[in-house]
Each structure stands twice: as C-alpha cells, then as structure tokens.
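1. Sequence and predicted structure, then a few things I'm wondering about:
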Amino acid sequence: MSEERQPASNEAAPDQPSIARIYDYLLGGGRNYPVDRQLADYIVQLVPDAPEAARANRDLLHRMVRFLLARGVRQFLDIGSGVPAEGNVHEIAQRAAPGSRVVYADVDEIVVSESIRMLEDNERAGVVHGDLCEPESILHATVARDLLNFDEPMAILCNAVLHFVPDQRAPYDAIRQFLNAVPSGSYLAISHASGAADPALLNYASTVFTRSDVPIVLRDRAEITEFFRGTELLEPGVVYSPQWHPDTAGEVDDRPDRAFSYAGVGRKP
C-alpha cells in the first residue's frame, strides 16, 4: 500500500505497531514499518473499507480547517496529530492565511521526531511530545506557549484520536481542561470512530487492536456529542463524517456510515 520506510541509521525499527503509523499506511504514506503494515493489512481483511475511511477522515480534517479559517481562526492546536502527511494542518492554514500558527501534539516519539524534522524551517509551526490525557504536558509545553497566544481564540483539533482513549483515562475530563485553558470564541473540532453502523465492527476492533499499542473505544453518537458539553454545537451537529460540510452534495453517497466515524465542531461561548 505504501513504499517501505527505511529507519534512520540511529533508529531501530519498532517491535510494536503504532496507531499513527497504521493510519499513515492506510493513507498510502511511507512513514511506517513492517510491524505496522502487518496489522494494517489484517485490519483491511476484516474491514475492507478501512482505507476509504482513513481517506474520508483526512478529507474531513481539511474541511474543518478551511471552515475554521473562514471563521477567523488563526491558531490551531492539533492533538494526536499523527505521522506527518501531505495536507497537514499547517500547510492548509498557512496557504490560506500565512500568519496562522499551528502546534501539533502526539504521544508517539517517532511521530514527534518526524514532525520536528518536517517543521524545522517553519517558524509558525511546532510539535509537542505530550499526552491528550495529561493536558498540562501539552498546554504548558514551551513550544505551545511560544507559538500560541492563549488569550486569543484558537481551534483545538481532536481528529481520530479520542476513540483510542478508554474511559478509564478520563477523556471527557481532559477535553474540559483543554477548553478551560482557551478563551471564549475558541473552537473544538472532533472526529471519532463509531461502531453504530456495524455492530460487528465492535468485535473486529476488540480483536484487532489488542495487537496494537492502544485499545479502541467505538463510542456512539450520544457519547461523542458529550465531548462538546460546554460549547455551542455548530450546524449540522454531530453527523457522519462525510455529511459534515461536504464540499459538494455529490460527495455524500447513500452510505455515509461506511466512514465509520462521526464529526462535529463546537464553539466555546
């Protein structure tokens, strides 16, 4: 599905698959390893629409960034950003509004090292090694404080990350902490996998992701909507990802549920 990535001379190939690198592989990227490709291929055997779902989620991220830019947002905190890929948030934002500032945050050290290399010549974008469930590790990071003005509105992006956070790690509390750290007029954008359209997917997920570095939690629409508590949920609400502000009506077929994810954007009043 992608070209094989060769580790750097001082970098050993990991022995555990990574969600971020699996996602990169499903998108056709080259920043992944044999252990990632093996599990990704198994996922595709069980869920043939997985690559299409990954691409749909990437397209959704692009639409969300453009939507937020149109509302005047010029600061983005992308949590669980994943492996750098073409069309990253900073590329879209800075192409449309050159002064935009972007901070990526991820818990995967390989993702962070790749991002640092990619962003070394960009003075308005940076990366933090931090955990979504430990908001202070991101919010208090030097890079975040240097690049983002926490007295002005910003967008918090949680694209395809919260379904990898089990309830035991208190993801709802973590999102509250991020929202409490930003001023009125800020936005929260979320996409989240769900098994609502195909209950059998729940069984697939529990089998597949026990072989990965993190579990997967396929919450339903009501549970995903709960993440937006304390915000004004913008139209069209929490909907299947292809239904969220499609570029054209023709992009939404009669099975938007095949994207296996919901999406929404809320504004902090």
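-> Nice, I can see it. Predicted model, so just to flag it, every value in this text is computed and none were measured.
2. where does the stretch 51-200 of the chain dip in pLDDT?
-> Scanning the stretch 51-200 of the chain for pLDDT under 70 picks out the ranges 196-200.
3. mind listing the strands in it by residue range?
-> Taking DSSP state E, counting those that start in this stretch, the strands of the stretch 51-200 of the chain run over residues 75-79, 101-106, 125-129, 155-159, 187-193.
4. and of these, who's closest to Q45?
-> Nearest to Q45, of all the strands of the stretch 51-200 of the chain, is strand 187-193, at 17.9 Å by CB to CB. Where C-beta positions appear, they are placed from N, C-alpha and C, glycine not excepted.
5. Could you check how far that closest one is from the centre of its chain?
-> 8 Å (CA atoms, centre = their mean, to the nearest Å).
6. Give me the angle between it and strand 75-79.
-> 30 degrees (axes from the mean of the first three to the mean of the last three CA atoms, to 10 degrees).
7. Please name the strands paired to strand 187-193 in the sheet, noting orientation.
-> Here strand 187-193 is paired, per DSSP bridges, with strand 155-159 (parallel), strand 261-267 (antiparallel).
8. which residues touch it?
-> The contact list for strand 187-193 (CB atoms under 8 Å, 6 or more residues apart in numbering) reads 57, 60-61, 64, 68, 71, 73, 153-160, 162-163, 175, 178-179, 216, 218-219, 224, 227-228, 231, 241, 260-268.
9. And the residues you listed, which of them are buried?
-> Taking 16 or more other CB atoms under 10 Å as the criterion, what is buried in the contacts of strand 187-193 is 57, 60-61, 64, 68, 73, 153-160, 162-163, 175, 178-179, 216, 218-219, 224, 227-228, 231, 241, 260-268.
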